[in-house]
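Participant: Predicted model and sequence follow; I will ask about them next.
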Amino acid sequence: MRQTRREGFREFAEGRAGSLYRSACLLASGDTHLAEDLVQETLGRMYLIWGRASHIDNPAAYAQTVLVREFLKHKRRRSAGERPFAVPAESAESGGAGGAGGAAQFAVTGGDPVLRLTLLEVLGHLSPKDRAVLVLRFWEDRSVEETAEAMNVTSAAVRTRSSRALARLRAELGGSLSVFVAT
């Protein structure tokens, strides 16, 4: 019985890790290291409750909820605001850009890389909760009610945050948004 649960979890983890990672990259504004940490923590928490997972209607949606809550919990910590003052020596020697810009191209596959990088940069300017609402609503294609449940807020709060976050995105992108619209 225990071996069957482990195999079931392994299949679940292998099947959902890519999707969780892409969502985590968007939440973390392209910070792939943070995204990996968030996915690892999410899968660890899912493993702990996996024996009771039969009581969960949709384990994939529950994993997304755990991911968003882990992200928000991480952002509330004091250490979440730490930033390095200089580029590490090994990054400078290899000529890599490091940080969000160089790694962000792997967050989402396909499409225009300039658009992806621009959107990741602008998403990084939003508050963590606004970013979580946009990722859940428009990337994960969740309903307002599902998003509210995942974030432990009311539906009205999700609608308000979504509206304000989209307005802020439009304001920050300004006229540059028309460059990305296909004619």
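Facilitator: That came in fine, so what should we check first? Numbering: from 1, shown residues only.

Participant: all contacts plus neighbour counts: C-alpha atoms, from now on.
Facilitator: Fine.

Participant: residue contacts, residue 9?
Facilitator: Taking C-alpha atoms under 8 Å, 6 or more residues apart in numbering as the criterion, residue 9 is in contact with 47, 50.

Participant: quick one: buried residues of the strand or helix carrying it?
Facilitator: Assessed by DSSP states H and E, residue 9 sits inside helix 2-27. Residues of helix 2-27 classed as buried: 9, 12-13, 16-17, 19-27 (neighbour count, 16 or more other C-alpha atoms under 10 Å).

Participant: Any chance you could give me the helix or strand containing residue 115 in PDB, C-alpha atoms only?
Facilitator: Assigned by DSSP H and E, residue 115 falls within helix 113-125. C-alpha atoms of helix 113-125 as PDB (Å, rounded to 0.1, in the frame of the first residue of the first chain):
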ATOM      1  CA  PRO A 113      11.100  36.500 -26.200                       C
ATOM      2  CA  VAL A 114      11.000  40.400 -26.000                       C
ATOM      3  CA  LEU A 115       7.300  40.300 -25.000                       C
ATOM      4  CA  ARG A 116       8.000  37.600 -22.400                       C
ATOM      5  CA  LEU A 117      10.900  39.500 -20.900                       C
ATOM      6  CA  THR A 118       8.900  42.800 -20.900                       C
ATOM      7  CA  LEU A 119       5.900  41.200 -19.200                       C
ATOM      8  CA  LEU A 120       8.100  39.400 -16.600                       C
ATOM      9  CA  GLU A 121       9.800  42.700 -15.800                       C
ATOM     10  CA  VAL A 122       6.500  44.600 -15.400                       C
ATOM     11  CA  LEU A 123       5.100  41.700 -13.400                       C
ATOM     12  CA  GLY A 124       8.000  42.200 -11.000                       C
ATOM     13  CA  HIS A 125       6.900  45.700 -10.300                       C
END
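
Participant: which helices and strands does the helix or strand just after that helix pack with?
Facilitator: For helix 113-125, the following helix or strand on the C-terminal side (DSSP H and E) is helix 128-134. Applying 3 or more C-alpha pairs under 8 Å, 6 or more residues apart in numbering; DSSP states H and E, one finds that helix 128-134 makes contact with helix 2-27, helix 59-76, helix 155-173.

Participant: Give me the mean pLDDT for the last one.
Facilitator: Helix 155-173 shows an average pLDDT of 89 in the prediction.

Participant: got the contact list for that helix?
Facilitator: So helix 155-173 is contacted by 122-123, 126, 130-131, 133-134, 144-145, 147-148, 177 (C-alpha under 8 Å, 6+ apart).

Participant: ok, and the most crowded of these?
Facilitator: Of all these, the highest neighbour tally under other C-alpha atoms under 10 Å goes to residue 133, namely 28 neighbours.

Participant: For that residue, which non-adjacent residue is spatially closest?
Facilitator: Spatial nearest neighbour of residue 133, excluding adjacent residues (C-alpha to C-alpha, 6 or more residues apart in numbering): residue 162 at 6.2 Å.

Participant: Nothing else from me, thank you.
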